[in-house]
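1. Below are the sequence and a predicted model; questions follow.
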Amino acid sequence: MRLCADTLQKKTKEYTGDDTDRLGAFKSAAALQHTTPQRALAGMMAKHIISIYDMCFTDRKTFELAVWEEKITDSLNYLFLLKAVIKEELEYQSD
């Protein structure tokens, strides 16, 4: 969990720039794709899930632990971000 939090913190500036909305990239992607932030995020997350799936089913038997950690951490972070997007939408709907 600490690695997930550290990764999210480290990548904040890279993905949000000066925008204070940490979910802004998903909202922008949704607008470009004429879809919802959840669907835009799911599309981005799919790349990471497919990569893990490919690693699990490849004929190559081993990967460095660091590779597994990166893929798993990124996937977990997308799930945390998805939860934030959903919570924000529910809060907005209740206003």
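-> Okay, I see it.

2. Give me the spatial nearest neighbour of the residue positioned nearest the centre of the chain, chain neighbours excluded.
-> With distances taken as C-alpha atoms, centre = their mean, the residue of the chain nearest its centroid is Y78 (2.5 Å). Sequence neighbours aside, M45 is the residue nearest to Y78 in space, at 3.8 Å (criterion: C-beta to C-beta, 6 or more residues apart in numbering). For the C-beta atoms, the positions are set from N, CA and C on the backbone; glycine is no exception.

3. In this structure that neighbour contacts N77, no?
-> No - counting by C-beta atoms under 8 Å, M45 does not reach N77; the two are 9.1 Å apart.

4. Average pLDDT for the one helix or strand the residue nearest to the centre of the chain maps to, rounded please.
-> Element membership for Y78, per DSSP states H and E: helix 65-94. For helix 65-94, mean pLDDT rounds to 93.

5. buried sites along that helix?
-> Residues of helix 65-94 classed as buried: K71, T73, D74, S75, L76, N77, Y78, L81, L82, V85, E88 (neighbour count, 16 or more other C-beta atoms under 10 Å).

6. Off-centre distance for that helix?
-> From the chain centre to the centre of helix 65-94 is a distance of 5 Å (C-alpha atoms, centre = their mean, to the nearest Å).

7. what packs against that helix?
-> Contact here means 3 or more C-beta pairs under 8 Å, 6 or more residues apart in numbering; DSSP states H and E; on that basis helix 65-94 packs against helix 2-16, helix 37-57.

8. Now do the last one, average pLDDT.
-> Pointing back at helix 37-57 there. Average pLDDT, helix 37-57: 96.

9. Please find the angle between the direction vectors of it and helix 65-94.
-> 160 degrees (axes from the mean of the first three to the mean of the last three C-alpha atoms, to 10 degrees).

10. For M55, give its distance to Q33.
-> To Q33, M55 is 27 Å away according to C-beta to C-beta, to the nearest Å.

11. Distance check, the residue located most distally from the centre of the chain against K71.
-> Within the chain, the residue lying farthest from the chain centre (C-alpha atoms, centre = their mean) is D59, at 27.2 Å. Counting by C-beta to C-beta, the separation of D59 from K71 is 18 Å.
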